[in-house]
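Asks: structure here, sequence nowhere to be found:
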């Protein structure tokens, strides 16, 4: 179980008080019609996004303040290096990270 702290409202709670929204800083497919993305574009996105091993940046939604933030987390150990607001400059990866 993860213990997270929201950088917006500073609430600390287990991961059930948050929702993970996937990789941060990734360009997702878009179209002129927001209700439709072509199967080709969606397939390219789904097949080209690697499953990261090691340090990754994930979007999380805090249920306390309904704000999104980014969590820098190690995918194998669940170690959390930092959390920051969307729009802030991403911090450097921890030492030894690729």
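Replies: Right, received. Where do you want to start? This is a predicted model, so every value here is computed, not measured.
Asks: every contact and neighbour count from this point should use C-alpha atoms.
Replies: Fine.
Asks: what about stretch 72-83, distance to the chain center?
Replies: 11 Å (C-alpha atoms, centre = their mean, to the nearest Å).
Asks: no no, stretch 53-72
Replies: 5 Å.
Asks: what about the residue sitting nearest the centre point of the chain, which SS state?
Replies: In the chain, the centroid-proximal residue (C-alpha atoms, centre = their mean) is residue 58; its distance is 1.5 Å. Secondary structure for residue 58, judged by DSSP: H, G, I helix; E, B strand; the rest coil, is strand.
Asks: now for it: which residues touch it?
Replies: The contact partners of residue 58, taken as C-alpha atoms under 8 Å, 6 or more residues apart in numbering, are 20-24, 70-73.
Asks: if we use 7 Å, what do you get?
Replies: 21-24, 70-72 (C-alpha atoms under 7 Å, 6 or more residues apart in numbering).
Asks: what's the closest of the residues you listed to residue 84?
Replies: residue 70 (5.4 Å; C-alpha to C-alpha).
Asks: which parts of the helix or strand encompassing residue 84 are buried?
Replies: Element membership for residue 84, per DSSP states H and E: strand 80-85. Within strand 80-85, the residues that count as buried by 16 or more other C-alpha atoms under 10 Å are 80, 82-85.
Asks: circling back to that earlier point, quick check: bridge partners of the residue nearest to the centre of the chain?
Replies: residue 23, residue 71 (DSSP bridges).
Asks: do the same with residue 5
Replies: In this entry, residue 5 is beta-bridged to residue 12, by DSSP bridges.
Asks: okay, now it: neighbour count?
Replies: 19 (other C-alpha atoms under 10 Å).
Asks: cool, residue 23 as well?
Replies: Residue 23, neighbours per other C-alpha under 10 Å, totals 18.
Asks: state the distance from the closest residue to residue 15 other than its chain neighbours to residue 14.
Replies: Using C-alpha to C-alpha, 6 or more residues apart in numbering and skipping the chain neighbours, the partner closest in space to residue 15 is residue 2 (5.3 Å). From residue 2 across to residue 14, the span is 6 Å (C-alpha to C-alpha, to the nearest Å).
Asks: please consider this matter closed, and thank you.
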